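Colleague: Sequence and predicted structure below; questions after.
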Amino acid sequence: MAVKYDEDEKIEVSLTSMMDCIFLMLIFFLVSSQLKKVEKEVPLELPTANVTRSVKATADLIKVSVTAKGELYVNSKPVGAAGLRAALTAARAENPDRRIRLDGDVYAPFRSIVQVLDTCQQEGLVVVGIHTADGLPK
């Protein structure tokens, strides 16, 4: 059966549903691109070690970095001594068996390394690993 249109009615294409789909796709791509933020690495020259054991990093691993100037970073975010204590206190509250990885520059002041280890000990976080570069000849 043929549909008859009056000559006064103009045929229109509704773009509303197509615009809704485009808008939803735009939101999806924006949200999905923000879910996984790339963590900025702290530029460090790690000390070498001849005897190392490689351990897989887990999602709940906390990386504490000490630069050559003695600056402290927790998961690539700059913190001071108070910020380090606050971050480790919060980490222990979430999981008392949380693992800490200490990334110390080869020229980092030893007092900064001791400060990090001391703070971990005071907070009851005893699973602390020291990240080194592989010193074995290849």
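Modeller: Okay, I see it.
Colleague: for the chain, what spans make up the strands?
Modeller: For the chain, the strands defined by DSSP state E cover 48-49, 62-66, 72-74, 77-79, 100-104, 128-131, 133-134.
Colleague: CA atoms only: put the second one into CSV for me.
Modeller: I take that to be strand 62-66. Taking only C-alpha atoms (Å, rounded to 0.1, in the frame of the first residue of the first chain), the coordinates of strand 62-66 have been written out as CSV:
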residue,chain,number,x,y,z
ILE,A,62,54.1,1.0,46.2
LYS,A,63,57.1,2.5,44.5
VAL,A,64,59.2,4.9,46.7
SER,A,65,61.8,6.7,44.6
VAL,A,66,64.8,8.8,45.9
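Colleague: which secondary structure elements does it contact?
Modeller: Taking 3 or more CB pairs under 8 Å, 6 or more residues apart in numbering; DSSP states H and E as contact, the helices and strands that strand 62-66 lies on are strand 72-74, helix 81-94, strand 100-104, helix 110-122. In short, each C-beta sits where N, CA and C put it, glycine included.
Colleague: repeat that with 6 Å
Modeller: strand 100-104, helix 110-122 (3 or more CB pairs under 6 Å, 6 or more residues apart in numbering; DSSP states H and E).
Colleague: okay if I get the strands of the chain as CSV plus distance to residue 20 and mean pLDDT?
Modeller: Formatted as CSV, the entries for the strands of the chain read as follows, by distance: least, CB to CB, whole Å; pLDDT from 0 to 100:
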stretch, distance to residue 20, mean pLDDT
strand 48-49, 58, 78
strand 62-66, 43, 93
strand 72-74, 43, 94
strand 77-79, 39, 92
strand 100-104, 46, 91
strand 128-131, 49, 88
strand 133-134, 53, 76
